[in-house]
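Engineer: Need the 3D shape of this:
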Amino acid sequence: MKNSGPFKIVIADTSVIVRSGIVSVLKRVPDLNIQPVEIVSAEALHNFTRLHTPDLMLVNPLLEEWFNITAFKAKNPSVKCIALLYSVMNPALLKDYDQTISICDDADTIVSKINSQLNRPGETEEKENNGQEPLSQREKEIIVCVVKGMTNKEIANKLFLSIHTVITHRRNIARKLQIHSPAGLTIYAIINKLVELQDIKNLF
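Structural biologist: Residues are numbered from 1 along each chain as shown. Sure, this is the predicted structure:
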């Protein structure tokens, strides 16, 4: 996979809201040069991929019955495919996809997953260096807030998020770092220079 743009990214879904929303998120990512291609049917997707080789495809697995991800990957093993999920789905239908994105994922999570599939510089290097899935900028901001003793409601108000989104971020942070306590996050934040010791010494 090439590491410089423009990346040709296909978004295949019948919903214009989903397609335009993903394109909008991607266009706000710094240093990500993309050439988005919006596709509304399995037939159009089939015709496009006969003539072009995208870098990444984001596909609704239920995009009509005859789009066969297994056959497509057999012919195009270098093309990364991400499944766009609206609800819980049979894992057997997703086994040939490289990644999944839920309609409920926040922008940072979507960007992180797409970056990982595009092998963008910095994202994969960070993961290789520390053996952990990289944190998004928003997750780092939430860690700092947690370390400073803020409640979920206070974090939501400060970062203009819903409490549900804050809770989701905190679950993702715990999963990525395998740290489940504020004390553990404090140590992590100090070691990784997310906070300075003098910024939090008054909390102890």
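
Engineer: so residue 42 makes contact with residue 60?
Structural biologist: No - here residue 42 does not reach residue 60: they are 9.5 Å apart, not a contact under CB atoms under 8 Å. For glycine as for every other residue, the C-beta is placed from the backbone atoms N, C-alpha and C.

Engineer: tell me, what's touching the two both at once?
Structural biologist: Contact with both residue 42 and residue 60 is made by residues residue 12, according to CB atoms under 8 Å, 6 or more residues apart in numbering.

Engineer: ok, then the element right after the least confident helix or strand in the chain by mean pLDDT?
Structural biologist: Of all helical and strand segments in the chain, the minimum by mean pLDDT, DSSP states H and E falls on helix 123-130, at a mean of 45. Downstream of helix 123-130, the next assigned helix or strand under DSSP states H and E is helix 137-147.

Engineer: how does this structure divide into domains?
Structural biologist: Following automatic domain parsing, the chain resolves into domains at 7-128, 135-203.

Engineer: could you measure residue 138 against residue 105, distance?
Structural biologist: From residue 138 over to residue 105 the distance is 12 Å, taken as CB to CB, to the nearest Å.

Engineer: Check residue 49 too.
Structural biologist: 25 Å.

Engineer: what does residue 83 give?
Structural biologist: Going from residue 83 to residue 105 by CB to CB gives 12 Å.

Engineer: How about residue 93?
Structural biologist: Counting by CB to CB, the gap from residue 93 to residue 105 is 19 Å.

Engineer: more neighbours, the two?
Structural biologist: residue 105 (18 against 12; other CB atoms under 10 Å).

Engineer: residues near the closest residue to that one other than its chain neighbours, how many?
Structural biologist: Among residues not flanking residue 105 along the chain, residue 113 sits closest, at 7.7 Å (CB to CB, 6 or more residues apart in numbering). Using other CB under 10 Å, residue 113 has 19 other residues around it.

Engineer: can you check the one 4 residues further on too?
Structural biologist: Residue 117: 21 surrounding residues under other CB under 10 Å.

Engineer: for residue 63, same thing?
Structural biologist: Residue 63: 20 neighbours (other CB under 10 Å).

Engineer: Can you tell me how far the closest residue to it other than its chain neighbours is from residue 59?
Structural biologist: Once flanking residues are discounted, residue 63 sits nearest to residue 42: 5.0 Å by CB to CB, 6+ apart. Distance, residue 42 to residue 59, by CB to CB: 9 Å.

Engineer: shared neighbours of those two, which are they?
Structural biologist: With CB under 8 Å, 6+ apart, residue 42 and residue 59 have common neighbours 12, 67.
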